[in-house]
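Engineer: When you get a sec, could you give me coordinates for this:
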Amino acid sequence: MSWTDGALEPNLPPLPDMAEMYMGHLALEKGYSSATVEAYARDLAQFESFIQSKGGTLDAPADVTTRQVHDFLANLHRQQVGKTSMGRKLSALRGFFRYLARRGILKAIPTDGVSNPKQERRNPKALNVDQAYAVLDAKKQKVQRAAKETRQAHKAEQLARDLALAELLYGSGLRISEALALDLRDIEPSSGLVRVMGKGRKERIVPLSDTSQKALDTWLDVRDVLDASGGKEQAVFLGARGGRLNRRQALRIIEDLCRMAGLPQTISPHGLRHSFATHLLEAGADMRSVQELLGHARLTTTQRYTHLNLLKLVEVYDRAHPGARVSSRKSK
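Structural biologist: Numbers count the residues shown, from 1 in each chain. Model prediction:
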């Protein structure tokens with residue numbers, strides 16, 4: 001059995017047996033999502049392609065050297081691969097070799113002593129409150145218009161789905177992978193709660209906003225129109241062909257929402273989650289509560305949003321406070 005069927009680019013070699021064994025460990029024992037397993041598989045396949053050109057293979061892990069790992073990272077740098085992506089690829093290699101060492105297959109770990117590339121600090125993109133409401137209101141208006149028209153098959157149903165997805169991302173702060181993984185049994189809009197399976201298969205209960213409940217009710221009332229499985233498909237969000245909505249389709253949906261609202265920029269589905277967290281903190285929510293809602297394992301992850309709020313406060317101060325304006329004039 002391969003854990004990577006269809007996940008690797010055509011130019012990459014198939015994963016060696018050792019790496020396939022590690023993918024099974026991540027999926028079955030660690031409970032990683034399919035998207036995470038596929039990302040790790042691509043990273044290992046890229047390294048396999050690199051060391052094959054040097055006469056090596058991951059099926060002979062004892063022959064892999066620290067120098068080869070450094071050369072791989074240097075090659076990625078020459079290709080202008082981002083530092084975050086380089087760090088993830090190194091993490092995939094590190095996890096793979098440590099897994100083999102725990103199983104007694106490997107004694108020396110070639111990634112030991114290899115440091116992660118220094119990350120550039122990037123703040124998550126977020127909409128302001130007016131922009132967030134503009135995105136959702138634009139879609140609501142289109143849903144209402146489409147409900148009165150029957151010229152395009154399933155258009156109204158797809159728009160209702162799009163609005164429900166956006167409301168859930170912004171109203172409850174779900175990761176896009178969490179929203180797309182939802183099954184019908186996980187959600188009951190009338191209860192005001194949704195059961196979410198987060199990273200590491202950690203379950204949490206998340207409240208629904210009033211608008212999220214209404215949008216989900218509207219979508220679930222028409223969901224069966226898109227269900228091509230005769231009721232067998234349990235995914236909450238369905239694609240045009242009746243199967244579970246995928247990440248690429250979700251990305252297009254959110255980009256279309258931003259364009260429909262007339263925003264000068266588009267954001268990713270994750271941007272709505274960032275907006276959810278930022279707006280909660282701006283409204284005075286405490287850090288620990290936001291951490292629980294987001295499903296962050298570490299408080300330091302949530303604290304990124306505090307940094308954003310401080311920057312915003314400084315900008316407001318510089319624009320509005322008389323003392324700040326005096327200092328600004330003197331510096332000129």
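
Engineer: Every contact and neighbour count from this point should use C-alpha atoms.
Structural biologist: Fine.

Engineer: where exactly do the helices run in the stretch 51-200 of the chain?
Structural biologist: If DSSP state H, counting those that start in this stretch is used as the criterion, the helices of the stretch 51-200 of the chain fall at 66-78, 83-102, 129-147, 155-172, 176-181.

Engineer: Buried deepest among those helices, which one?
Structural biologist: Neighbour counts averaged per stretch over the helices of the stretch 51-200 of the chain are highest for helix 155-172, at a mean of 24; criterion: mean count of other C-alpha atoms under 10 Å.

Engineer: Ok, which of the helices of the stretch 51-200 of the chain comes nearest Ser212?
Structural biologist: The closest of these to Ser212 is helix 155-172. By C-alpha to C-alpha, the value is 5.1 Å.

Engineer: Show residues contacting that closest one.
Structural biologist: Residues outside helix 155-172 that contact it (C-alpha atoms under 8 Å, 6 or more residues apart in numbering): 132, 136, 139-140, 142-143, 146-147, 174-176, 179, 206-209, 211-212, 215-216, 218-219, 222-223, 225-226, 237-238, 240, 253-254, 269-270, 272-273, 275-276, 293.

Engineer: Would you mind checking those residues for buried ones?
Structural biologist: Buried by 16 or more other C-alpha atoms under 10 Å: 132, 136, 139-140, 143, 146, 174-176, 179, 206-209, 212, 215-216, 218-219, 222-223, 226, 237-238, 253-254, 269-270, 272-273, 275-276, 293, out of these.

Engineer: any low-confidence regions in the protein?
Structural biologist: For the chain, applying pLDDT under 70 flags the ranges 1-11, 119-130, 133, 135, 138-154, 264, 266, 297-332.

Engineer: Could you rerun that using 80?
Structural biologist: Scanning the chain for pLDDT under 80 picks out 1-12, 117-156, 189, 198-202, 228-231, 240, 257-271, 273-274, 276-332.

Engineer: Show me the strands in it, by range?
Structural biologist: Applying DSSP state E to the chain gives strands spanning 187-188, 193-197, 203-207.

Engineer: Any chance of CSV for those strands, columns distance to Gly95?
Structural biologist: Rendered in CSV, the data for the strands of the chain read as follows (distance: least, C-alpha to C-alpha, whole Å):
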stretch, distance to Gly95
strand 187-188, 35
strand 193-197, 23
strand 203-207, 24
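
Engineer: Compare those strands and report which one is nearest to Ala92.
Structural biologist: Of the strands of the chain, nearest to Ala92 by C-alpha to C-alpha is strand 193-197, at 22.6 Å.

Engineer: quick revisit: packed most tightly, which of the strands of the chain would that be?
Structural biologist: strand 193-197 (a mean of 19).

Engineer: How about residues contacting that strand?
Structural biologist: Around strand 193-197, the neighbours that count as contacts under C-alpha under 8 Å, 6+ apart are 178-179, 181-182, 186-188, 203-208.

Engineer: Work out the sheet partners of it and label each with its direction, please.
Structural biologist: With DSSP bridges as the test, strand 193-197 is paired with strand 187-188 (antiparallel), strand 203-207 (antiparallel).

Engineer: just how off-centre is the first one within its chain?
Structural biologist: Spelled out, it's strand 187-188. How far strand 187-188 lies from its chain's middle: 22 Å, per C-alpha atoms, centre = their mean, to the nearest Å.

Engineer: Looking at the helices of the stretch 51-200 of the chain, spot the one closest to Ala60.
Structural biologist: For the helices of the stretch 51-200 of the chain, the distance to Ala60 is smallest for helix 83-102, at 11.2 Å, taking C-alpha to C-alpha.

Engineer: Can you spell out which helices and strands pack onto that closest one?
Structural biologist: Judged by 3 or more C-alpha pairs under 8 Å, 6 or more residues apart in numbering; DSSP states H and E, helix 83-102 is in contact with helix 17-24, helix 34-52.

Engineer: which residues touch it?
Structural biologist: 19, 22, 40, 43-44, 61, 73, 76, 106-112, 116-120.

Engineer: and those, which are buried?
Structural biologist: Among those, those classed as buried by 16+ other C-alpha under 10 Å are 19, 22, 40, 43-44, 61, 73, 76, 106, 108-111, 117.

Engineer: mind putting these in CSV, distance to Tyr32 included?
Structural biologist: Shown next, in CSV, are those (distance: C-alpha to C-alpha, whole Å):
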residue, distance to Tyr32
Ala19, 15
Tyr22, 12
Tyr40, 10
Asp43, 15
Leu44, 16
Pro61, 23
Leu73, 25
Leu76, 25
Leu106, 23
Ala108, 26
Ile109, 23
Pro110, 24
Thr111, 22
Pro117, 24
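
Engineer: Now do the contacts for Gly31.
Structural biologist: So Gly31 contacts Gly200, Arg201 (C-alpha under 8 Å, 6+ apart).

Engineer: That should have said Gly173, apologies.
Structural biologist: By C-alpha under 8 Å, 6+ apart, the neighbours of Gly173 are Leu272, Arg273, His274, Phe276, Ala277, Leu293, Leu294.

Engineer: Ramachandran angles for it?
Structural biologist: Torsion angles at Gly173 (phi, psi; degrees, to the nearest 10) stand at phi 70, psi 30.
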